[in-house]
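Novice: what's the 3D shape of this:
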Amino acid sequence: FEILWFRAASLALGNSVWSAAVVTAAFMAGLGLGNLIAAMVHRRIRDAIRVYVWVELGIAVFGLGSFLLLFRGQSGLAALLAPWHDHSVLLQVLRSGLALFILIVPATCIGLTLPLLLGVETRRPTTFGTRLAWLYAWNTLGAVVGSLLAEFVLIDAHGLFGTVVIASGCNVAAALLVWRMNRDHVKPAAPAPAPALAARTPTAKFAIPLRSRTLLGAALLSGFNLLALEILWFRFLQLFFNGTSKTFAIMLALVLAGLSLGGVLAARLCRRGSRPGLIRTFYLIAGAYVVFSYAGLPHFQDWAAVL
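Specialist: Numbers count the residues shown, from 1 in each chain. Got it, this is the predicted structure:
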């Protein structure tokens, strides 16, 4: 869906870099909002499988609908934005805002899926961190295959509309697969006990331990850096590859492949117990690698030119 949305947004926005930024921002905003909703209502969910099925069907419907709105509604969007044609910056901001508004619903549904799957799996006797890491790894591995398959195979073979129908069909298939799980092994969870009265006070409600605030802050900065770098990588890849849609697909696949490998590594590390020092080590390695890779970019360009 992200590949298809990028293509449709490129036609609606008329700028590939803006389209990459808007689609990426909308996708991640939806993921974050979906996770937030899951965190807020998870205690009320008695049957995660049923909710997951409905969310997957929602992705199929709203994902297809959002693509059609961007792709087929270009004339309507142009008429809506016509009064601001003389204000280029404002026009681009309004176009981006409309694209974000159109994409936020299916992206939010996508953001709900992983927490719901995690809610199903963690009812089994297993380590939370390991299960989360494996689900995340497989989820992103599927995204790698989906992005490359869509751009380099399906769109050429079936066109944009045929590919978006296939994408929607995959969501329906995922819903059916989970629905057919052996429900004797995954029973609905009992509702969580009501918290104590003291925990309902405004002070206790928002009291987050310092350690948790530190980790959340690190996660926030990590996400900021990753998505900012993703847009920069898209610009750099355009220097070496022709075609903006294929460049976006390659960039997206590389980022997702790294996330998937990180999930596999995290799953193995979680089995060996908690090692807080590794978080600092990985952050330092990632930061140093980014700095040295950009410092060495001119040498890489010379080497690529020789080839």
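
Novice: buried residues in stretch 82-98?
Specialist: 91-92, 94-96, 98 (16 or more other C-beta atoms under 10 Å). Where you see a C-beta, it was placed from the backbone N, CA and C, and this is true even at glycine.

Novice: From those, pick the one nearest Leu11.
Specialist: Arg95 (11.0 Å; C-beta to C-beta).

Novice: so who does that closest one touch?
Specialist: Listed by C-beta atoms under 8 Å, 6 or more residues apart in numbering, the contact set of Arg95 reads 12-13, 18, 77, 81.

Novice: so where does it fall, helix or strand?
Specialist: Using DSSP states H and E, Arg95 sits in helix 88-121.

Novice: What is the distance between that helix and the centre of its chain?
Specialist: Chain-centre distance of helix 88-121: 9 Å, with C-alpha atoms, centre = their mean, to the nearest Å.

Novice: Also stretch 292-301?
Specialist: Worked out by C-alpha atoms, centre = their mean, stretch 292-301 lies 28 Å from the chain centre.

Novice: what do you get for stretch 247-255?
Specialist: The answer for stretch 247-255 is 13 Å, by C-alpha atoms, centre = their mean.

Novice: quick one: buried residues of it?
Specialist: Going by neighbour count (16+ other C-beta under 10 Å), the buried part of stretch 247-255 is 247-253, 255.

Novice: May I have that stretch exported as CSV, CA atoms only?
Specialist: Taking Å, rounded to 0.1, in the frame of the first residue of the first chain, the C-alpha atoms of stretch 247-255 are listed here in CSV:
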residue,chain,number,x,y,z
THR,A,247,14.0,4.5,-5.9
PHE,A,248,11.3,4.8,-3.2
ALA,A,249,10.7,1.1,-3.3
ILE,A,250,14.4,0.3,-3.0
MET,A,251,14.8,2.7,-0.1
LEU,A,252,11.8,1.4,1.7
ALA,A,253,12.9,-2.2,1.2
LEU,A,254,16.4,-1.5,2.6
VAL,A,255,15.0,0.3,5.7
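
Novice: Return the list of helices and strands in contact with the helix or strand harbouring Leu33.
Specialist: Assigned by DSSP H and E, Leu33 belongs to helix 16-41. Helix 16-41 makes packing contacts with helix 2-13, helix 88-121, helix 210-237, helix 244-271 when contacts are defined by 3 or more C-beta pairs under 8 Å, 6 or more residues apart in numbering; DSSP states H and E.
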